[in-house]
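My questions are about this predicted structure, shown below with the sequence.
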Amino acid sequence: MADLEPVVGRYLRLTLDGRPHRVYFEEAGQGMPLVCLHTAGADGRQFRHLMNDAEITRHFRVLAFDMPWHGKSLPPAGWQDEEYRLTTRGYVELIRTFIRALGVERPVVLGCSIGGKIVLELARLHATEFRALIGLESADYQAPWYDDTGWLHRPDVHGGELAGALMSGLIAPQSPSETRWDTLWMYMQGGPGVFKGDLFFYRADGDFRDRVGEIDTGSCPLYLLTGEYDFSCTPADTERTAAKIKGARVTVMEEIGHFPMSEHPAQFRRYILPVLEEIRARG
Amino acid sequence: MLERLADLVNADASLVRRGRYLSTRFLVETGAIAWLVTVHEGRLTAVERGPFLLRDWTFAVRASEDAWRRFWAPVPAAGYHDLFALTKGGHARVEGDLRPLMANLRYVKDVLAKPRRSA
């Protein structure tokens, strides 16, 4: 008998910013929809452990798409003459269009890094569309740890090798070798300039310091979980952000870095299962 | 602190292979002590202890002895677990011509972390 995983992948046609896109997504499980947003320069494979966790999939329909330009989702036609740049507006449109296109009702959204950041904007602008929002490695702003993202996209430095080497530092030393290197492989596979384009949102366009105070967690609960070894979005960045949002719930995760679900799934599940259980109990 | 660095690196065939396109000399400071590390096609051909007069290098990594000791702990604490965690936290400085560093970042980071594995 074939050793098939319960994860299924399909392509979805979407119109984003007036242009046709072909977006790849995977899903597993049944029940309350849980839409997962991957980190900058990576793809939906980061959620493969969540999708293979029967404890989660017996209560949740877990969905994860590869953003356009990432993983198995191609860039839109004409990309060859463009510089890719993720914006707050475009990212919100992508998430809401994906959810509407699949007819998913009031999902839980769980995002990490750029995905954790955009969750703050979903909470501010569209809270009633979601059952709960979970931001991993999420903050309204985080100080950069290198000034020049130009290193990530130039002909004399291999962008994938550099992205992997940079991201290796954001993984906790306790994370197992296999999942550490899986995580880095996705960074090494990114298309030229894509990680850099995502960082435009992470560093510049996604500075939400002036607006997170408007978030109303009464309409939609907000959970923020950050790994102690993350020096890109530090626990202090998340705590400072949460202090401006009445009702936001913060957890600092021990022995975890910037990629909880991907770098150390067993450790992450100790933190995420109680959150998901609480959301489910609320209904 | 870096007396054994060349032996540690040169005994690691996979690390040497990954550095095979790098030949350069870089400076490491451990507190008041300076070290010039000479790389030839991924092998460390010299690790010299300063002081130095009128010697050149491409890039420099400078940190206190205490910061290096924490960095090389078997399981380093958060903030001391990576070269750029050290620089962001103000515990280390990286200066000079960064192109050879960025183009070979995994190699250089692994070289600098080598003393940890022998701890």
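Yep, that arrived.

Grab the nearest non-local neighbour of the residue of chain B found nearest chain A.
In chain B, no residue comes nearer to chain A than B:Asp82, which is 3.0 Å away by CB to the nearest CB. All C-beta spots, glycine's among them, are computed from the backbone N, C-alpha and C. Among residues not flanking B:Asp82 along the chain, A:Gly169 sits closest, at 3.0 Å (CB to CB, 6 or more residues apart in numbering or on different chains).

any idea whether residue 21 is helix, strand or coil?
No chain in the question, so chain A it is. strand (DSSP: H, G, I helix; E, B strand; the rest coil).

Phi, psi for the residue of chain B closest to chain A please.
Main-chain dihedrals, B:Asp82, degrees, to the nearest 10: phi -150, psi 150.

How about the contacts made by it?
Shown in contact with B:Asp82 (CB atoms under 8 Å, 6 or more residues apart in numbering or on different chains): A:168-170, A:231, B:109.

so which two of those are the farthest from each other?
Longest distance between any two of the contacts of B:Asp82 is 14.2 Å, between A:Phe231 and B:Lys109; criterion CB to CB.

Neighbour count: the two, which is higher?
Neighbour count, other CB atoms under 10 Å in any protein chain shown: between A:Phe231 and B:Lys109, A:Phe231 has more, with 27 against 18.

Which residue is the nearest non-sequential neighbour of the more buried one?
Take A:Phe231 and drop its neighbours on the chain: the residue closest to it by CB to CB, 6+ apart is B:Ala85, 4.5 Å away.

how many neighbours does that neighbour have?
When neighbours are counted by other CB under 10 Å, B:Ala85 registers 25.

Spit out the contact partners of it.
B:Ala85 neighbours (CB under 8 Å, 6+ apart): A:169, A:231, B:78-79.

After the host helix or strand of it, heading C-terminal, what element do we hit next?
In this assignment (DSSP states H and E), B:Ala85 forms part of helix B:83-88. Going down the chain from helix B:83-88, the next helix or strand is strand B:92-96, by DSSP H and E.

Report the buried residues of the next helix-or-strand element following that next one.
Per DSSP H and E, the first helix or strand lying C-terminal to strand B:92-96 is helix B:99-103. Residues of helix B:99-103 classed as buried by neighbour count (16 or more other CB atoms under 10 Å in any protein chain shown): B:100-103.

residues contacting the residue nearest to B:Asp82?
Residues near A:Gly169 by CB under 8 Å, 6+ apart: A:231, B:81-85, B:109.

and it, what pLDDT?
pLDDT, A:Gly169: 98.

What distance do you get for the residue of chain B closest to chain A to A:Thr238?
Using CB to CB, to the nearest Å, we find B:Asp82 at a distance of 19 Å from A:Thr238.

ok, now A:Ala77?
38 Å.

got it, and A:Ile272?
A:Ile272 sits at a distance of 15 Å from A:Thr238 (criterion: CB to CB).

Name the SS class of whatever residue of the stretch 1-150 of chain A ends up closest to chain B, please.
The stretch 1-150 of chain A approaches chain B most closely through A:Trp145 (4.2 Å), counting by CB to the nearest CB. Under the three-state scheme (three-state DSSP), A:Trp145 adopts coil.

How many residues are close by it?
The number of residues packed near A:Trp145 is 17, by other CB under 10 Å.

my read: it touches A:Cys233, true?
No - with contacts counted by CB atoms under 8 Å, A:Trp145 stays clear of A:Cys233, the gap being 10.3 Å.

ok, residues contacting the helix or strand that contains A:Leu122?
Counting by DSSP H and E, the element that carries A:Leu122 is helix A:114-126. By CB under 8 Å, 6+ apart, the residues outside helix A:114-126 that reach it are A:36-40, A:86, A:88, A:91-92, A:95-96, A:109-111, A:129-130, A:133-140, A:198, A:201-202, A:206, A:208, A:211-212, A:214-215, A:217, A:220, A:222, A:224, A:233, A:241, A:245.

chain center to it, what's the gap?
How far helix A:114-126 lies from its chain's middle: 11 Å, per CA atoms, centre = their mean, to the nearest Å.

what does stretch A:210-222 give?
The chain centre lies 19 Å from the centre of stretch A:210-222; the measure is CA atoms, centre = their mean.

Buried residues, that stretch. List them.
A:212, A:215, A:217, A:220-222.

Show me where the stretch 101-250 of chain A has its strands.
With strands called from DSSP state E, counting those that start in this stretch, the stretch 101-250 of chain A shows them at A:108-112, A:132-136, A:222-227, A:249-253.

The third one and chain B, any residue contact?
This means strand A:222-227. No - contact of strand A:222-227 with chain B (CB under 8 Å from any CB of the partner chain) is absent, the minimum separation being 8.6 Å.

And that strand, what does it pack against?
Under the contact definition 3 or more CB pairs under 8 Å, 6 or more residues apart in numbering or on different chains; DSSP states H and E, strand A:222-227 sits against helix A:114-126, strand A:132-136, helix A:235-242, strand A:249-253, helix A:265-282.

make it 10 Å
strand A:108-112, helix A:114-126, strand A:132-136, helix A:235-242, strand A:249-253, helix A:260-263, helix A:265-282 (3 or more CB pairs under 10 Å, 6 or more residues apart in numbering or on different chains; DSSP states H and E).

Alpha carbons only: can I get that strand in PDB?
What follows is strand A:222-227, C-alpha atoms only, in PDB (Å, rounded to 0.1, in the frame of the first residue of the first chain):
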ATOM      1  CA  LEU A 222      -5.900  37.900  18.500                       C
ATOM      2  CA  TYR A 223      -3.100  35.600  19.600                       C
ATOM      3  CA  LEU A 224       0.500  36.500  19.200                       C
ATOM      4  CA  LEU A 225       3.200  33.900  19.700                       C
ATOM      5  CA  THR A 226       6.900  34.600  19.200                       C
ATOM      6  CA  GLY A 227      10.000  32.400  19.600                       C
END
